[in-house]
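Q: all I have is the shape, not the residue letters:
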C-alpha cells in the first residue's frame, strides 16, 4: 500500500495534490507501488521507494531488430564512439561520431541515408562538440552545441542550416530543446584561496530561442585539487537530466552516495524528490554473469589466477547514473550501474509519479551510454562486448 506521511505543515491543497497523484495508482494496479511512501517535507513531496522494485512482474519485452555499428566494413557504420543519439518522430536515426563530429542519418530500418558536419572551422563544420552535444526537437530539427565556436546550430534532417544561436552565457553542453527554447549545462571554475583547489559549479540553465538565459534551474558543486588527480570527484557532480511529457526536469548527478532523483518545474522549483532505499539488494543473474565475464577478462591477464575471488551477489547500491530518459507513456528510464563494476546494461523504471516499478536488463552483452525510448521501439547506443561502438534497436512492448 502507498502511505502518506506528514512532516511539518500540511495544507488542504497539499493533501488534495497528494490524493490526485495517488489516485491513478490506486485505480491502475499495473502502476501501483505497495511499499512506497509519500512524505511531504518543507512543502516538497518525497517519494520513498524500497530498494526492491514494486512491479518485478510488469511485462517489458525487448526483441532485437537490428544493429548499426561494426569494426570493419562500410565506413559510415564504423564509429570512433557514439557521443550522442537522436530519433526523429518519423523514425530516422541520428548518430554523432565522437571524433569526426559527423552527424550520420539512418532510415527507420537502419539503412544509411547521408551525413553532414565534420570536424573543422569551415562552413557546415563543427569545431568542438562535447558528448551529449546533439539533440532532436519534435520538429525533427537537429540541435548541436559547437562549444569550440561558441554557438548552437540547428539543422534539418537533411543537414540544411536553420538557425545559429549565440548564447549570452558560456556555450552550454548537454542541450535539450523544448517548445520555446532549450536547456543546457554550463560549468564555471573558480580558484579558491591558496590556489591549490578549484571549485567547479555545474548549472542547468533554461534559455530562450534567441540564447538569452531565462534562469538557473539547479546547480551542483565539487571542489577538487588538480594535483591530486581527483577528476572523478569533479565529474561525479555533473548533472544528468531529461524532460518528461509534462515539461518537468528529472535530474540527478553522475555519481551519488544515495539513490535520489530531483524533479523540477519549468520555473526552477523543485516539486518532487524520488528516493530509492539504500541496499543491499541481490543482483540479478544477468548482472552477476556480466561481472563474472569481466573478471574473467581481468584474470586472464594476470600471471596467476586468484582462487579466492568471487563476484558478490549482494549489491551495495552506490549508484552511478548514466542516462535518464522519458518515454511517450511518461515512464522514466534510469540507466544506473549500482555496483560500479558491472557494465551498464540495466535500467530502473519509474512511473510518472516517481514510483520504482521494475529493473530491466537489456539483452546482450556490452555497455550502454545513450538511450531513446519510443512507443514501440527502444534505441541503445554504446559498445558491444568487444568494445565496438554500436547502436542496438529493439522492438518494445510494455504490458501488465
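A: On my side now, so go ahead. Note that the coordinates shown come from a computational prediction; the quantities given were computed from them, not determined experimentally.

Q: shaky segments in the stretch 251-400 of the chain?
A: 254-257, 279-287, 290-291, 294-295, 297-299, 302, 305-319, 338-344, 365 (pLDDT under 70).

Q: what about the helices in the stretch 151-300 of the chain?
A: Using DSSP state H, counting those that start in this stretch, the helices of the stretch 151-300 of the chain run over 231-236, 285-299.

Q: now do the stretch 1-150 of the chain
A: Secondary structure of the stretch 1-150 of the chain by DSSP H, counting those that start in this stretch: the helices cover 12-27.

Q: and residue 114, how far from residue 104?
A: Distance of residue 114 to residue 104, given as C-beta to C-beta, to the nearest Å: 8 Å. For glycine as for every other residue, the C-beta is placed from the backbone atoms N, C-alpha and C.

Q: neighbour count: those two, which is higher?
A: The neighbour comparison of residue 114 against residue 104 (other C-beta atoms under 10 Å) goes to residue 104, with 21 against 12.

Q: quick one, grab the pLDDT at that one.
A: As predicted, residue 104 sits at a pLDDT of 98.

Q: got the contact list for it?
A: Applying C-beta atoms under 8 Å, 6 or more residues apart in numbering, we find residue 104 in contact with 76, 94, 95, 96, 97, 112, 115.

Q: for the second one, name its beta-bridge partners.
A: Just to be clear, that refers to residue 94. residue 86, residue 105 (DSSP bridges).

Q: look up the residues forming beta bridges with the one residue sitting closest to the centre of the chain.
A: Geometric centre of the chain, nearest residue: residue 323, 1.7 Å, by C-alpha atoms, centre = their mean. With DSSP bridges as the criterion, residue 323 is bridged to residue 335.

Q: isn't it right up against residue 371?
A: Yes: Residue 323 lies in contact with residue 371 (C-beta atoms under 8 Å); the separation is 5.2 Å.

Q: overlap in contacts, the two.
A: Here residue 323 and residue 371 share the contacting residues 333, 335, scored by C-beta under 8 Å, 6+ apart.

Q: what is the neighbour count of residue 359?
A: 21.

Q: before we move on, what about residue 334?
A: Residue 334 has 26 neighbouring residues, counting by other C-beta under 10 Å.

Q: equivalent analysis for residue 91, please.
A: For residue 91, using other C-beta under 10 Å, the count is 13.

Q: ok, residue 300 next?
A: 8.

Q: now do the strands in the stretch 201-350 of the chain.
A: Remark: strands assigned in the stretch 201-350 of the chain by DSSP state E, counting those that start in this stretch are 213-224, 239-243, 249-253, 259-264, 270-276, 281-282, 314-315, 320-326, 332-337, 346-350.

Q: okay if I get these as JSON lines plus distance to residue 176?
A: Putting the strands of the stretch 201-350 of the chain into JSON lines (distance: least, C-beta to C-beta, whole Å) gives the following:
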{"stretch": "strand 213-224", "distance to residue 176": "11"}
{"stretch": "strand 239-243", "distance to residue 176": "6"}
{"stretch": "strand 249-253", "distance to residue 176": "9"}
{"stretch": "strand 259-264", "distance to residue 176": "13"}
{"stretch": "strand 270-276", "distance to residue 176": "18"}
{"stretch": "strand 281-282", "distance to residue 176": "31"}
{"stretch": "strand 314-315", "distance to residue 176": "30"}
{"stretch": "strand 320-326", "distance to residue 176": "11"}
{"stretch": "strand 332-337", "distance to residue 176": "15"}
{"stretch": "strand 346-350", "distance to residue 176": "19"}
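
Q: of the ones you listed, which is nearest residue 47?
A: strand 270-276 (4.8 Å; C-beta to C-beta).

Q: so what strands line up beside the closest one?
A: Using DSSP bridges, the strands paired with strand 270-276 are strand 44-49 (parallel), strand 259-264 (antiparallel).

Q: quick one: distance of stretch 351-369 to the chain centre.
A: 11 Å (C-alpha atoms, centre = their mean, to the nearest Å).

Q: could you do stretch 206-220 as well?
A: 20 Å.

Q: so that it lines up with my notes, have the first residue be 11 from now on.
A: Sure, I'll start counting at 11 from here, so that last one is stretch 216-230.

Q: and the contacts of it?
A: Outside stretch 216-230, the residues that touch it by C-beta under 8 Å, 6+ apart are 162, 175-179, 182, 190-194, 211-215, 247-249, 259, 261, 263, 272, 274, 276-278, 280.
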